[in-house]
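K.L.:
The sequence and its predicted three-dimensional model are supplied below.
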Amino acid sequence: MPCEIDFPFRNQDRKGRRFLQDHFNSRQKPKNSNSQLPRVVASERSHPFEPGNTISHAHNSIGWRDTEHTLEKPDGVFRIIGLGDSYLWGQGVKREDICLNKLPALLETSLDGNTIETINAGISAYNTVDQRQQFMNRAVRYNPDLVILHFVLNDVEQQSNHHGPKVEFFASHASPGRPSDQLSELSCLWSWSRHRLLSYIQSEQYIRECVNSLADDHPGWLACKGALADIKKTCDTKGVSFCVVVFPFYFRLNGDYPFQPVHTAVVEHCKSLGIDVLDLREAYREFNGPELWVHPTDEHPNEIAHEIAAQEIARYLLRHQKQLLRN
């Protein structure tokens, strides 16, 4: 049965909007390219939330944040299925703003006479192993022509290591919402200094853990590599194109970005398996990061970040259409 839930963003007040606008105004516009598709320029976010500062997340009867789709693919339709976690599920953005849902309009203008259908099978907190099961048990039955796995840097984390959702970098390690100590109640300077120090220590610890999770013998990385290989094998057997899109953490993108080793490891492994892979790191290099969050307290990509991803994915698919859009 279809269902709908609301995510409140009650702190999206004038202070929050000013925080975002300061980041928009403090950066240069990205340079234009000669590609068929225009580049996105960050600007004032207009009405990113629904009334009451909420975002409705409606689900179909399968439990996916999408409309209903028939198992049988309609004639003349090129069907794309997206696998992913909360980035693809679209936490904090309207369904029509999710990058996958923007692909039909971007691709159909360049592919005369073709109808593109996308199916969003993203589930919040799923890692790559979960996405393999999602694909094998359900998504493959929809007879896709192309599968796009939206890889986020914490997809290596094993669900068995913790109870609840995967660790989110900002919310868990750089968030301002920390319990205060007794001295913080007496001194604003101490409270501010303590918060900055703890945020730095814990964020640096998480960065090290994230990079180390890509060690050759790390259980999570081994499981992730196995899942990618299984999806690739199944797609090859069924004549389905498969590609991986690597998303960054939106943190220090235009400076000393600390997660680059994770990108490099994932890209190199995909290439070793013969998997087409697109790394979105470069697409966001001229941004700092927070101006692409859905909210000052939630680092999931906002509608601007999704638009940039959609255009980069569309460009990549058009450049490699012989192998990825061959059906």
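P.N.:
Arrived safely.
K.L.:
continuing past the helix-or-strand element of the chain with minimal mean pLDDT, what's the next helix or strand?
P.N.:
Using mean pLDDT, DSSP states H and E, the weakest-scoring helix or strand in the chain turns out to be helix 14-25, at a mean of 40. Scanning forward in sequence from helix 14-25, with DSSP states H and E defining helices and strands, the next element found is strand 54-59.
K.L.:
tell me which residues of that following strand are tucked away?
P.N.:
By neighbour count, and taking 16 or more other Cβ atoms under 10 Å as the criterion, the buried residues in strand 54-59 are 55, 57. For every residue, glycine as well, the C-beta is placed using N, CA and C.
K.L.:
Distance from it to the middle of the chain?
P.N.:
Its chain's C-alpha centre and that of strand 54-59 lie 17 Å apart, by Cα atoms, centre = their mean, to the nearest Å.
K.L.:
What helices and strands are in contact with it?
P.N.:
With contacts defined as 3 or more Cβ pairs under 8 Å, 6 or more residues apart in numbering; DSSP states H and E, strand 54-59 has these neighbours: strand 3-8.
K.L.:
pLDDT averaged over the strand it packs on - what is it?
P.N.:
Confidence over strand 3-8, taken as the mean pLDDT, stands at 56.
K.L.:
same question, stretch 318-325
P.N.:
The predicted model assigns stretch 318-325 a mean pLDDT of 93.
K.L.:
Endpoint to endpoint, that stretch covers what distance?
P.N.:
Taking Cα to Cα, to the nearest Å, stretch 318-325 runs 8 Å from one end to the other.
K.L.:
residues in contact with that stretch?
P.N.:
Residues from elsewhere that reach stretch 318-325 (Cβ atoms under 8 Å, 6 or more residues apart in numbering): 36, 78, 107, 110-111, 145-146, 241, 243, 276, 317.
K.L.:
residue boundaries of the strands in the stretch 51-200 of the chain?
P.N.:
Listed in chain order, the strands of the stretch 51-200 of the chain (DSSP state E, counting those that start in this stretch) span 54-59, 77-83, 115-120, 146-151.
K.L.:
most neighbours per residue, which of those?
P.N.:
Among the strands of the stretch 51-200 of the chain, strand 146-151 has the highest mean neighbour count (mean count of other Cβ atoms under 10 Å), at a mean of 26.
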